[in-house]
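A.B. asks: After the sequence you'll find the predicted model.
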Amino acid sequence: MILLTRVDHRLLHGQVAFSWTQSIGADCILIANDDVPVNEIRKTTIKLAKPQGVKLVIKNIEDSITSLNSGVTDKYKLFIVVESIKDAYDLALAYPEIKRINLGGTKAGADKENISKAINVTEEEKELLKKLDSQGIEVFIQMVPSDKAIKIADIL
């Protein structure tokens, strides 16, 4: 069962690893990212941030979709963390069980608009967020569980 999918350009770090995992009651974290499985430094850093007693799985986007669709993840209370809005969109499109997407942090850039404290989006990403929202997927901005969630539809 997927408890939450989170977009965070830092992937797994203290805030995500501990506050979110505990808050939602996850027993497995899936890092879905095309770079981390082949980048030993990033992989090692993420493994160090894993909370005790929580399973950590690191797969590329395609393998993540395959695993989700195969049912092998069904036995877990799953917390999926992706690096980008595009990755979250691709997962949600390929796996309709994703019902909630939390925007926690996206990098700033010259072509990006700041729409919240830590959320910066391109025009293309805005369109993807609108599509997710129109498909009934709850997309919201919330840095930490104690913050008030802001629906993306209220901002775009």
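C.D. replies: Noted; the coordinates are in hand. Numbering: from 1, shown residues only.
A.B. asks: Would you mind pulling the contact partners of the helix-or-strand element of the chain with minimal mean pLDDT?
C.D. replies: In the chain, no helix or strand scores lower on mean pLDDT, DSSP states H and E than helix 14, which sits at a mean of 82. Applying CB atoms under 8 Å, 6 or more residues apart in numbering, the external contacts of helix 14 come out as A49. From N, CA and C alone the C-beta is placed, and that goes for glycine too.
A.B. asks: Pull the distance from that helix to the chain's centre.
C.D. replies: A distance of 15 Å separates the centroid of the chain from that of helix 14, by CA atoms, centre = their mean, to the nearest Å.
A.B. asks: For the helix or strand that comes right after it, give the mean pLDDT please.
C.D. replies: Next helix or strand after helix 14 toward the C-terminus (DSSP states H and E): helix 21-24. For helix 21-24, the mean pLDDT works out to 96.
A.B. asks: outside of whichever helix or strand comes after helix 21-24, which residues touch it?
C.D. replies: The helix or strand immediately downstream of helix 21-24 is strand 28-32, counting by DSSP H and E. For strand 28-32, contacts defined as CB under 8 Å, 6+ apart pick out 11-12, 17, 21, 46, 50, 54-61, 64, 67, 73, 76-82, 87, 91.
A.B. asks: Not counting residues beside it along the chain, what's closest to N60?
C.D. replies: D34 (4.7 Å; CB to CB, 6 or more residues apart in numbering).
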